[in-house]
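**Q** I would like the atomic coordinates for the input below:
(one chain, ligands or ions: 1)
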Amino acid sequence: MTTIIDGNEIADRIRADVSDCATRLADEGVTPGLATVLMSDDGASETYVSMKQRACEETGIEGIHQELDPDASAETLLQRIDDLNDDPTVHGILVQMPVPDHVDSRAVLERIDPMKDVDGFHPENVGRVVAGNARFKPCTPHGVQKLLEAADVDTEGKDAVVVGRSDIVGKPMANLLIQKAPGGNATTTVCHSRTDDLAEKTRAADIVVAAAGVPEMITGDMLSAGSTVVDVGVNRVEADTEKGYELVGDVEFESAKEKADAITPVPGGVGPMTIAMLMYNTVKAASLQSGVDVDL
Ligand code: NDP
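**A** Numbers count the residues shown, from 1 in each chain. Coordinates of the predicted model:
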């Protein structure tokens, strides 16, 4: 029987642990604080930020939400980041991407104090992940690691294929999978849009992590029997629903589940884990900045 890996349940467990750590910090006079900055009118970005703020409330983290006019200058955003860097009640800073075209997103990510960079996108934190000395693992790939661990999927010695090479998912995912550490030690291949014969690569894999942003591109015939499939993709496709669309992953769930031993659904797989790991990183940031050890 194929195991459907329940991201909601696993994320709930992690959030409960993180919430306990937040309480221990609060007992020592440190309330973890996460600042979210939104500089966009985009509905999806607004939804993501409000989900993160709601998760803060539920976890005992002080959520501080700030909005900037999308027409504001890049300097205004950078100044706002400086203010948050200097604010001792703020332990984590997240600027919701994408920012408007006139703002250089790299400059934004580099402006965030690396100790408050709970997304893990600052070059210092990226470098630490690559060096096997992570401070903040990026939330989505870290969430995938936790899903695999909770589903008892041992990555050691396995052939893993990551489909996608973005800075926020594909590359850090591959970096975590090759680390000489629990959750790593996999022989890892990274595929992308120029990969020749993707199906040949995925068929040879024990573990497939799909993060391409292409609806249902990984089909059952591209998988080997007994593999583990983690679907990071979240794609809106037209559908006869009230909203006029539905969310599907990068994996064609029905055919893939016939082949896989374990598979994550969309929604309810990786998505909730990403937010849980953001809470985790925020509490870790508060612990690191205050010197109060909570063993995360
Ligand atoms: P990007 O668009 O930044 O990157 C997509 C990657 O997939 C690129 O490396 C691209 O290759 C590769 N790719 C695109 N088409 C193909 C193809 N046909 N075959 C092989 N590779 C392909 O996306 P993100 O990494 O930001 O996100 C990926 C997906 O994950 C999206 O659906 C996104 O919504 C979702 N996501 C979900 C999260 C969650 O919490 N569940 C969090 C973050 C993202 P190339 O580099 O050559 O262009």
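**Q** Quick one: name the residues of the stretch 51-200 of the chain near the ligand.
**A** 140, 163-166, 168-170, 191-195, 198 (C-beta under 6 Å from any ligand atom). C-beta here means a position set from N, CA and C on the backbone, and glycine is covered the same way.
**Q** Identify the bridge partners of residue 35.
**A** When assigned by DSSP bridges, residue 35 has beta-bridge partners residue 64, residue 93.
**Q** Hmm, residue 94 and it touching each other?
**A** Yes: under the criterion of C-beta atoms under 8 Å, residue 35 makes contact with residue 94 at 7.1 Å.
**Q** how about the most centrally placed residue in the chain, secondary structure?
**A** Centroid check for the chain by C-alpha atoms, centre = their mean gives residue 140 as the closest residue, at 1.7 Å. Assigned by DSSP: H, G, I helix; E, B strand; the rest coil, the conformation of residue 140 is helix.
**Q** So what does the residue nearest to residue 181 when sequence neighbours are not counted have for phi and psi?
**A** Distances taken as C-beta to C-beta, 6 or more residues apart in numbering place residue 132 nearest to residue 181, at 6.7 Å, with adjacent residues excluded. Backbone torsions for residue 132, taken as degrees, to the nearest 10, come to phi 80, psi 30.
**Q** which non-adjacent residue is nearest the closest residue to the ligand within the stretch 1-150 of the chain?
**A** Closest approach between the stretch 1-150 of the chain and the ligand, counting by C-beta to the nearest ligand atom: residue 140, at 4.3 Å. Distance criterion C-beta to C-beta, 6+ apart; nearest residue to residue 140, sequence neighbours excluded, is residue 274 at 4.7 Å.
**Q** same thing with residue 226?
**A** Looking at residue 226 with C-beta to C-beta, 6+ apart, the closest residue is residue 261, at 4.8 Å.
**Q** Then residue 112?
**A** residue 93 (5.1 Å).
**Q** got a list of what the one you found touches?
**A** Listed by C-beta atoms under 8 Å, 6 or more residues apart in numbering, the contact partners of residue 93 are 34, 35, 37, 81, 84, 85, 112, 113, 116, 117, 118.
**Q** What about the residues you listed, which are in strands?
**A** 34, 35, 37 (DSSP state E).
**Q** and this structure, what are its domains?
**A** 28-118, 139-272 (automatic domain parsing).
**Q** Let me know which of the ones you listed is tucked in deepest.
**A** Most buried of the domains of the chain, by mean neighbour count (mean count of other C-beta atoms under 10 Å): domain 139-272, with a mean of 19.
**Q** Let me see the ranges of the strands in the stretch 151-296 of the chain.
**A** Taking DSSP state E, counting those that start in this stretch, the strands of the stretch 151-296 of the chain run over residues 159-163, 187-191, 207-210, 228-231, 235-238, 245-248, 262-263.
**Q** would you list those strands in a markdown table and tack on mean pLDDT?
**A** Output for those, formatted as a markdown table (pLDDT from 0 to 100):
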| stretch | mean pLDDT |
| --- | --- |
| strand 159-163 | 99 |
| strand 187-191 | 98 |
| strand 207-210 | 99 |
| strand 228-231 | 98 |
| strand 235-238 | 95 |
| strand 245-248 | 95 |
| strand 262-263 | 98 |
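**Q** Can I get these in TSV including distance to residue 75?
**A** TSV is the format used below for the strands of the stretch 151-296 of the chain (distance: least, C-beta to C-beta, whole Å):
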stretch	distance to residue 75
strand 159-163	37
strand 187-191	36
strand 207-210	38
strand 228-231	40
strand 235-238	34
strand 245-248	37
strand 262-263	46
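**Q** re earlier: what is the burial count for the residue nearest to residue 181?
**A** 13 (other C-beta atoms under 10 Å).
**Q** got a list of what it touches?
**A** So residue 132 contacts 179, 180, 181 (C-beta under 8 Å, 6+ apart).
**Q** Turn those residues into TSV, including distance to residue 75.
**A** Shown next, in TSV, are these (distance: C-beta to C-beta, whole Å):
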residue	distance to residue 75
179	38
180	43
181	40
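**Q** and which of the residues you listed is nearest to the ligand?
**A** Taking the contacts of residue 132 together and measuring to the ligand by C-beta to the nearest ligand atom, the closest member is residue 179, at 19.6 Å.
**Q** For the residue of the chain most remote from its centre, give its distance to residue 246.
**A** Relative to the centre of the chain, and counting by C-alpha atoms, centre = their mean, the farthest-placed residue is residue 240 at 29.4 Å. Per C-beta to C-beta, to the nearest Å, residue 240 is found 9 Å from residue 246.
**Q** next one: residue 280
**A** 29 Å.
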